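K.L.:
starting from these lines, generate the structure:
(chains A, B and C)
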Amino acid sequence: MAYELAIIFVRGLGLGAIYSLIALSFNVVYMSSGILNFAQGNILVLAGLLAALLSPPEVSVSLWLVLMLVVGCMLTLAVAAQGAMTLAPLRSSTEQHSWLVSTMAVSVIIGASILIVQGPFAVTAPYPFPGVRILGVRTPFAYLAVTALLVLCFVALQLFLRRTRTGVAISALAQDLELARATGLRVRLLQVVSFGISGAILGVTGFVAAPVISIAPDSGISYILSGFIAAVIGGMGNLYGALVGGPIVGVMAMSSAYLFGGEFQNLVLLTLLVAVLMVRPQGLFGRMSTRHV
Amino acid sequence: MLSVEALTAGYGRIPVVSDISMEVEAGRITAVLGANGAGKTTLVKALGGLIRPMAGRVLIAGRDITGADPSTATRAGVRLLLDGHRVFPDLSVHDNLKIAAITTGSRREFELLCDEYFEVFPILKQKRKDYARTLSGGQQQILALTQALLCQPKVLLCDEPSIGIAQALIPTILKELRNFASRGGAVVLVEQQIQMSLKVSDTALVMDRGSIRLSGLASDLMSDDRIRKIYMGN
Amino acid sequence: MSNGSLTGGRGASAPVSQSLKDNGGLGWRTLEEPAQLVLAVAVVVACLGLPALAGNVYWLHIAQLCCLYASAAVFQNLLVSDANQISFGQGAVFGVAAYSFGMASGLNGLPLAAGAGLGICAAVLVGLVLAGPSLRVQGYYLGFVTIAAAMVFPEMLMAFNEYTNGIIGIGVDAGALRRPIVGRIDLLTIVVAVTTSAAFLVHRRVRLSRLGRMMVVSGISPEGAASLGFRPGRMRFAAFVIAAFFTGIAGVIYVPVIEFVSPHSFAFEFSAFLFFAMIVGGQGRLIGPLFGVAVLYIVPNVLLVDLAQYRLIVYGFMALGVMLLFPDGIAGSIIRLLTRSSARSANVAVDFHALGAEVEQQLRTSSGGGNGTRAGTQTDAEAPELVRLHNVVRFYGSVAALDDVSLAIRRGGVHGLVGPNGSGKTTLLNAISGFVRPQGGSITVFGRPTAGRTVADVARLGVGRTFQAPRIYDRLTTAENLQLGFDAPARAPGRWSAAFAEANAGWLHREAASLTHGQRRLIELYRVALSDAELLLLDEPAAGLSPDERVVLGRLVRQLCSEGGKTILIVEHDLNLVWAVADRISVLESGRLIADGTPDDIRGNPHIERLFTGSDDEAEVSDAQR
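P.N.:
As a prediction, the model looks like this:
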């Protein structure tokens, strides 16, 4: 029993770190533009696929690090471009369904491309680090790496949003869009930059987590869902919330897989999502917005 | 400095101000007076680029900025100070200033400029590291004004800077507007309160239901009973 | 009653004459929708009939599938475009119906009819489950809940494989339905044709119905709907259930068409496909789903059949391309092109004289309306109280919006409510309607306490209201916008007099999108008058109106009171208007009621003048204290 619990927690937290990173990336875009990028799941999977395709079987640590940067940069640019394209038809408001369809269509295109390149089966990526034992549980090193990455990304994002002029301006967009416009901030540009940042997070996460994520044409949607639930639990648009929400979702998913079987994982997550929305729609750290008639 | 020609603007399909023409001159404070709902805020938002005019032209020093994005308008020299002492609540005072200085390039230049305003408003220096939401309404208004001045505008549009702040701070703010004007800037001061505004301004316009009903030198309008009539309805 | 009708008097001719030159054309909804309907049915019949007659089994099969997908997409359209409920779960609804049918008839040998019935019931059940979260969350939150549901459904089919045959799927023999009955046409083809045509017809019928209008209004503006006495939550349920029922029918018929169901057919991608088909086809357009299915299914699956591996990517690029190039979708762009030359963009000439006369006639004949007995031009101190506020308190944070306000509104007359910005006027209006709950004190409306009543409950007591931004719904025609007043649950259903409807068909059936702001204000006011509410709350009705329009508005308010028998509470910044129409005026400052009296009392009060001109030290001090 203790061993099972250890598995649930170690793997759950590792998985949770991936969900937290997806949630962080959701939040960066959402903060600046009010858009949820439905293509995120498949962008993560795409980064994993690139890792599998680019890495030679016995990849060295230095080459691995170089490739990580390369994939990160590629996806930064790609997602920034996607952002520019998504934002283009939107005039002032996001109260249109156009971004919903265009981000989902991009997701379909990525999934279809993976299918063409790789066929319907999951692939695995080579990794330069051997597995380790944590609490007696054999754990792929990728779980450790991605947890470290989460801490790194969180700290870097906090520093960026608090210390740099661009970062501060992006947080300003989330606080008061009209004032940000009056201040003369280049709103559209900042929104594209935040898409790019989200691409960087997803790209590096997908690369680092490549051995432990499912690199298959149809797995993107389940990462979007888990990442979204993590973001909602913590409170949409809240970075601390994303940090906490991911592990909650990860541990829930692992324990439901253990208790009921893997096919019930999403059902439990759906129940969790509905429960959170019914009881506390603003999430753990979110503030309730007041609406005026 | 700022010329407005036959401007019509509003929200969605609703025109709130129509056919407004006015000239705002450098070195002067122009008061825009009018009762609630007369269209004063809509007018300055259209001038600042926050809402796209339906018709008419806006020129700053001869350059046409009609329908320009606010990021273009601010860089062209028209900066709107929104009403309600609005600042970014979850940013520090320092960060609020940092992102507002959109025309300043280097860090050094920014620090120098800040020091200038810290001398005028020592409270900002004192609270530099505090979140803007912890400031009082008046302190927030001072911060918002400094934000606006930091981007070194040619024309400063102030929407009801005296609303919601402590009485004691109003003269400080008005004095700084006067300083700005005396350095060659142009100020458009939107206010509801008649006497106070006329005392500080050089010229004034009175708006009613979306149009300009009265304009002239502030000193002449001071004794004009028509303003009161426009406000109260006749 | 010299004027004879609620037209706002002679001044009303101003907005009428603005654009008399253009009164011939009908609106796109009236003109285009029957055409779209006929076209859709014709296309469906042709697509099914031609291959059936030619004996081409392959094309007949494709046509049957596309028709069923299109009918599911029609109800996706109803749910998202009409009722404004984002659901990505319609594929799951479709699949539940198909699978229940398959399990009942294919595995357990139930007769086909019984299995089909069970399938539809199961679909409705899922619709109810999806509707649950819509009471609490909207927009993309709801979208994600339904996405999750659509993902979970095929997983459950796998998890309970002892009942569902799991990945193997279920075969259903429907040979009996494939025997030709009319010439070479079999029963199944006829069923598909009827179902698909019916889907378009039902959508159009719903749009023309009271329920349809209530769904649209509840989706766009829940507060606007509630203020008319509609219950937005129930409308959401209704939309989900109607959509589930008809999607279920399509899902059930899918089984004999394919003769096989498997979990793979109902993966999340299928739900996404239905949503895409609706948007790409032209969101909100009746015929849109037909275009959407044609482009997104036939092009990748049939025309590119030799390039099977590129099927999905073509599908993705088509959806993306259409979205970026034609944000209105295919049908939307075509209709826009066809109607560009007609007078769509021109202003509608609303005949407010005729409308005013008609509304007065309606008020006279309706049960609770203005029969003249309670008409009065002066507020009578003896008249019964319609509204009573008792020490009402409402704070937002530390700011007082209403601070110990006690006030009575008596039957008859126009009651003005004035005060500077932020003095609590709109909060007071919202507290009476039930949008804002007092934190202290009590409010009674028509003698009943509002505590514990929803906005719709209060509206049903006889309270109507207008909003600062008029609630005119561009998706409806002008007639439908007015008709919402007839739809109000507090009154018996009404209809236009035949003479009026005929004489004014020219502008009544134009889309409301081309109404000017002034026309919107008046139409909203006439609508709320038609709803038979006895008490009307008007929130800054003059904002954005021209001086001429203000004169018309003022007369109309006066006439609604004196001839329509309404009691009116008006919040307004335009003091000119208030002096002109109000019998009694209350003044709010910083959430406190500082004066209450006749216009003469208020006008002569020097403190109140200072409050509005702000030219006195005293006013400045009180301002600073806020």
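
K.L.:
touching chain B at all, stretch A:33-45?
P.N.:
No: for stretch A:33-45, no contact with chain B is found by CB under 8 Å from any CB of the partner chain; the gap never falls below 15.8 Å. Glycine gets a C-beta too; all of them are placed from N, C-alpha and C.

K.L.:
is any part of that stretch close to chain C?
P.N.:
Yes: for stretch A:33-45, a contact with chain C is found by CB under 8 Å from any CB, at A:Leu36.

K.L.:
for the record, mean pLDDT for that stretch?
P.N.:
In this model, stretch A:33-45 has a mean pLDDT of 93.

K.L.:
kindly check the end-to-end length of it for me.
P.N.:
With CA to CA, to the nearest Å as the measure, stretch A:33-45 spans 24 Å from end to end.

K.L.:
just the pLDDT at residue 65, thanks.
P.N.:
Since no chain was named, I'll use chain A. What the model reports for A:Leu65 is a pLDDT of 95.

K.L.:
wait, I meant chain C there
P.N.:
95.

K.L.:
tell me how far C:Val463 lies from chain B.
P.N.:
According to CB to the nearest CB, to the nearest Å, C:Val463 stands 25 Å off from chain B.

K.L.:
close enough to count as contact, that residue and C:Ile432?
P.N.:
Yes: C:Val463 lies in contact with C:Ile432 (CB atoms under 8 Å); the separation is 6.9 Å.

K.L.:
more crowded one of these two?
P.N.:
C:Val463 (29 against 25; other CB atoms under 10 Å in any protein chain shown).

K.L.:
list the contacts for the closest residue to that one other than its chain neighbours?
P.N.:
Leaving out its chain neighbours, the residue that sits closest to C:Val463 by CB to CB, 6 or more residues apart in numbering or on different chains is C:Leu535, at 5.0 Å. Going by CB atoms under 8 Å, 6 or more residues apart in numbering or on different chains, C:Leu535 touches C:386-387, C:409, C:445-446, C:462-464, C:566-569.

K.L.:
list phi and psi for the residue in the stretch 101-250 of chain A that chain B sits nearest to.
P.N.:
Going by CB to the nearest CB, chain B is nearest to A:Gly184 of the stretch 101-250 of chain A, at 3.0 Å. Backbone torsions for A:Gly184, taken as degrees, to the nearest 10, come to phi 100, psi 10.

K.L.:
for it, give its distance to chain C.
P.N.:
For A:Gly184, the distance to chain C (CB to the nearest CB) stands at 27 Å.

K.L.:
now the residue lying closest to that residue once chain neighbours are set aside: which helix or strand?
P.N.:
In this structure, A:Gly184 finds its nearest non-sequential neighbour in B:Thr74, 3.0 Å apart by CB to CB, 6+ apart. Using DSSP states H and E, B:Thr74 falls within helix B:70-76.

K.L.:
same deal with C:Ile568?
P.N.:
Using DSSP H and E, C:Ile568 sits in strand C:567-571.

K.L.:
so, low pLDDT: which residues of the stretch 51-200 of chain A?
P.N.:
Along the stretch 51-200 of chain A, segments meeting pLDDT under 70 span A:90-96.

K.L.:
what does it put close to chain C?
P.N.:
Counting by CB under 8 Å from any CB, the stretch 51-200 of chain A sits next to chain C at A:85, A:88-89, A:96-98, A:100-102, A:104-109, A:111-113, A:115-116.

K.L.:
repeat that for 6 Å
P.N.:
Taking CB under 6 Å from any CB of the partner chain as the test, the list of the stretch 51-200 of chain A residues beside chain C reads A:89, A:98, A:101-102, A:105, A:108-109, A:112, A:116.

K.L.:
helices - which of these land there?
P.N.:
Among these, DSSP state H puts A:98, A:101-102, A:105, A:108-109, A:112, A:116 in helices.

K.L.:
now, which of these sits nearest B:Met22?
P.N.:
Among these, A:Ser98 lies closest to B:Met22 (CB to CB), at 38.9 Å.

K.L.:
quick check: that closest one touching A:Pro89?
P.N.:
Yes: counting by CB atoms under 6 Å, A:Pro89 is a contact partner of A:Ser98 at 5.4 Å.

K.L.:
who has more neighbours, those two?
P.N.:
Higher neighbour count among A:Ser98 and A:Pro89: A:Ser98, with 19 against 15, using other CB under 10 Å.

K.L.:
quick one, what contacts that one?
P.N.:
Counting by CB atoms under 6 Å, 6 or more residues apart in numbering or on different chains, A:Ser98 touches A:89, C:323, C:327.

K.L.:
list the contacts for the first one?
P.N.:
It stands for A:Pro89. A:Pro89 makes contacts with A:98, C:327, as judged by CB under 6 Å, 6+ apart.

K.L.:
what about the residue most central in space within chain B, which helix or strand?
P.N.:
Nearest to the geometric centre of chain B sits B:Cys158, at 1.5 Å (CA atoms, centre = their mean). Element membership of B:Cys158 [criterion: DSSP H and E] is strand B:155-159.

K.L.:
run the chain-centre distance for that strand.
P.N.:
Relative to its parent chain, strand B:155-159 has a centroid offset of 2 Å by CA atoms, centre = their mean, to the nearest Å.

K.L.:
do that strand and chain A meet at all?
P.N.:
No: contact of strand B:155-159 with chain A (CB under 6 Å from any CB) is absent, the minimum separation being 9.4 Å.

K.L.:
ok so, going back, the helix or strand that the strand holding C:Ile568 is followed by - contacts with which helices or strands?
P.N.:
Beyond strand C:567-571 in the direction of the C-terminus, DSSP H and E gives the next helix or strand as helix C:575-581. The contact analysis (3 or more CB pairs under 6 Å, 6 or more residues apart in numbering or on different chains; DSSP states H and E) places helix C:575-581 against strand C:414-418, helix C:547-562.

K.L.:
so who does C:Val192 touch?
P.N.:
Under the criterion of CB under 6 Å, 6+ apart, the contact partners of C:Val192 comprise C:64, C:67.

K.L.:
what about whichever helix or strand it is part of, distance to the chain center?
P.N.:
In this structure, C:Val192 sits in helix C:187-208 according to DSSP H and E. Averaged C-alpha coordinates place helix C:187-208 at 23 Å from its chain's average position (CA atoms, centre = their mean).

K.L.:
that helix: which residues count as buried?
P.N.:
For helix C:187-208, a neighbour-count test (16 or more other CB atoms under 10 Å in any protein chain shown) marks C:187-193, C:195-200, C:202-204, C:206-207 as buried.

K.L.:
swap in stretch A:238-252?
P.N.:
Neighbour-count burial for stretch A:238-252 flags A:238-239, A:241-252 (criterion: 16+ other CB under 10 Å).

K.L.:
report the contact partners of residue 104.
P.N.:
As the question left the chain open, I've gone with chain A. For A:Met104, the contacting residues are A:Phe38, by CB under 6 Å, 6+ apart.

K.L.:
chain B is the one I meant
P.N.:
B:Thr104 makes contact with B:Phe110, according to CB under 6 Å, 6+ apart.
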